[in-house]
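Novice: Sequence and predicted structure are below.
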Amino acid sequence: MLCQPASRSLKVLAPAKLNLFLRVVRRRDDGFHDLETVMTAINVYDTLLFEPGESSNISLRVSMALSRNSHSVTADPIPTGPDNLVLRAAHLLRDHAGGMQGAQITLIKRIPSAAGMGGGSSDAAATLAGLNRFWNLGLPRATLLDLAAKLGSDIGFFLGESSTSVCRGRGELVEPLRLPTCLHFVVARPASGLSTPEVFKHCRPNRTERGVEEFIQSMKQSGLGRMVRLLLNDLQAPAELLNSEVRELRQKFKTLPVLGHQMSGSGTSYFGVCASARLARTVAERLRASGVPWVHVARSCS
Ligand code: C5P
């Protein structure tokens with residue numbers, strides 16, 4: 001997350017994430033699932049602008065950014081009422097701090113929703129960190145992480161010190177990792193999205209013997225060969241059953257010059273790891289030409 005303070009406002013860039021490894025370990029009694037997942041932030045960003053509000057009012061304005069690289073930003077409606085994670089995060093933070101500060105928040109969306117790219121979670125994390133600074137609350141990261149866990153499972157990842165982490169529990173236990181090198185991706189999102197609870201409902205936990213430690217070991221080796229062979233997403237099989245567009249993307253990626261490919265999170269976004277930025281641009285052109293509505297060339301954030 002990048003913070004750009006100005007005299008009376010604060011701008012925060014909230015990155016998307018990709019899941020390089022996602023193993024569903026077990027279904028829990030509280031309805032969530034224990035996971036082992038390696039996530040990396042990429043340079044596709046929503047923008048949040050925090051400005052002084054009228055009195056104690058916290059208001060939110062959402063607009064969709066037009067993208068040069070894609071036919072359209074996916075047009076799924078973003079809730080702007082109290083259900084929006086940005087507003088929930090702002091109110092939770094203010095209630096915790098016990099103040100009555102106001103803010104006018106503008107959210108410019110570039111990260112597609114219902115895509116498994118963590119857009120809503122990243123916006124919520126940017127709100128917690130951004131307003132902590134904008135309102136001069138001085139709350140420590142540990143407190144922000146506690147608040148993040150109350151709002152959603154993968155919000156803590158975006159508050160982490162590292163842009164790549166292994167996350168456990170339901171996703172809220174974040175341990176920083178280092179990627180051996182900058183990774184180049186091509187990321188595609190079909191026209192339709194998927195609901196996260198729906199995909200989790202259809203998944204079969206503990207399908208995979210292979211744990212996250214082997215994947216982490218492969219990240220420490222030089223060269224990407226072993227790591228890309230160990231890419232995993234246990235949510236991909238249920239997502240493909242629920243959404244034929246994910247299946248079609250997998251078929252397309254099989255014919256493209258990528259080192260490895262899979263779905264991110266609970267879908268429907270799908271990514272390929274490419275040997276270079278140039279190759280990623282070539283793959284992106286081929287995906288666009290085949291009619292995929294949202295295609296981005298991205299790299300892991302340093
Ligand atoms: O925590 P978050 O709001 O992102 O989760 C959305 C939904 O995804 C949960 O209500 C739950 O159905 C499912 N989920 C899960 N196990 C996780 C994370 C999410 O079952 N570890």
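Specialist: Okay, I see it.

Novice: Tell me how far the closest residue to Gln101 other than its chain neighbours lies from Ala97.
Specialist: Among residues not flanking Gln101 along the chain, Trp135 sits closest, at 4.7 Å (Cβ to Cβ, 6 or more residues apart in numbering). Using the backbone N, CA and C atoms, a C-beta is placed for each residue, glycine as well. In this view, Trp135 and Ala97 are 7 Å apart by Cβ to Cβ, to the nearest Å.

Novice: The two - which one has more neighbours?
Specialist: The residue with more neighbours, out of Trp135 and Ala97, is Trp135; 19 against 16, by other Cβ atoms under 10 Å.

Novice: for that one, phi and psi?
Specialist: As for Trp135, its main-chain torsions (degrees, to the nearest 10) stand at phi -90, psi 0.

Novice: what sits against it?
Specialist: Contacts for Trp135 (Cβ atoms under 8 Å, 6 or more residues apart in numbering) come out as Leu93, Arg94, Ala97, Gly99, Gln101, Ala103.

Novice: Based on its surroundings, how many neighbours for the nearest residue to Gly225 once chain neighbours are set aside?
Specialist: Leaving aside its chain neighbours, Gly225 sits nearest to Leu259 (7.8 Å; criterion: Cβ to Cβ, 6+ apart). When counting by other Cβ under 10 Å, one arrives at 17 neighbours for Leu259.

Novice: and the gap between the closest residue to His202 other than its chain neighbours and Leu18?
Specialist: Spatially, and ignoring its direct neighbours in sequence, His202 is nearest to Pro238 (3.7 Å; Cβ to Cβ, 6+ apart). Pro238 sits 18 Å away from Leu18, going by Cβ to Cβ.

Novice: Of those two, give the one with the bigger neighbour count.
Specialist: Leu18 (28 against 21).

Novice: where's that one, which helix or strand?
Specialist: strand 10-27 (DSSP states H and E).

Novice: The next helix or strand after that strand packs against which elements?
Specialist: Using DSSP H and E, the helix or strand that follows strand 10-27 in sequence is strand 33-51. In terms of contacts (3 or more Cβ pairs under 8 Å, 6 or more residues apart in numbering; DSSP states H and E), strand 33-51 is packed against strand 10-27, strand 103-109, helix 119-134, strand 164-168, strand 184-189, helix 212-220, strand 294-299.

Novice: my read: the residue nearest to Gly225 touches Cys274, true?
Specialist: Yes: judged on Cβ atoms under 8 Å, Leu259 makes contact with Cys274 at a distance of 6.7 Å.

Novice: Now do the contacts for the residue nearest to His202.
Specialist: So Pro238 contacts Val199, Phe200, His202, Cys203, Arg204 (Cβ under 8 Å, 6+ apart).

Novice: what's the answer for Ala275, then?
Specialist: Contacts for Ala275 (Cβ under 8 Å, 6+ apart) come out as His184, Leu224, Pro257, Leu259.

Novice: how close does Val292 get to the ligand?
Specialist: Note on Val292: its distance to the ligand, by Cβ to the nearest ligand atom, to the nearest Å, is 26 Å.

Novice: and the gap between that residue and Gly118?
Specialist: Distance, Val292 to Gly118, using Cβ to Cβ: 20 Å.

Novice: Compare these two and say which is more crowded by neighbours.
Specialist: Neighbour tally, Val292 and Gly118, criterion other Cβ under 10 Å: the higher count belongs to Gly118, 29 against 22.

Novice: Make sure the more buried one is actually in contact with Phe158.
Specialist: Yes: between Gly118 and Phe158 a contact is recorded at 6.9 Å, counting by Cβ under 8 Å.

Novice: Find residues that contact each of those two.
Specialist: Lys17.

Novice: re earlier: adding mean pLDDT and distance to Leu48, write the helices and strands packed on strand 33-51 out as a markdown table.
Specialist: Formatted as a markdown table, those follow (pLDDT from 0 to 100; distance: least, Cβ to Cβ, whole Å):
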| stretch | mean pLDDT | distance to Leu48 |
| --- | --- | --- |
| strand 10-27 | 97 | 5 |
| strand 103-109 | 96 | 6 |
| helix 119-134 | 98 | 5 |
| strand 164-168 | 97 | 21 |
| strand 184-189 | 98 | 21 |
| helix 212-220 | 94 | 30 |
| strand 294-299 | 97 | 19 |
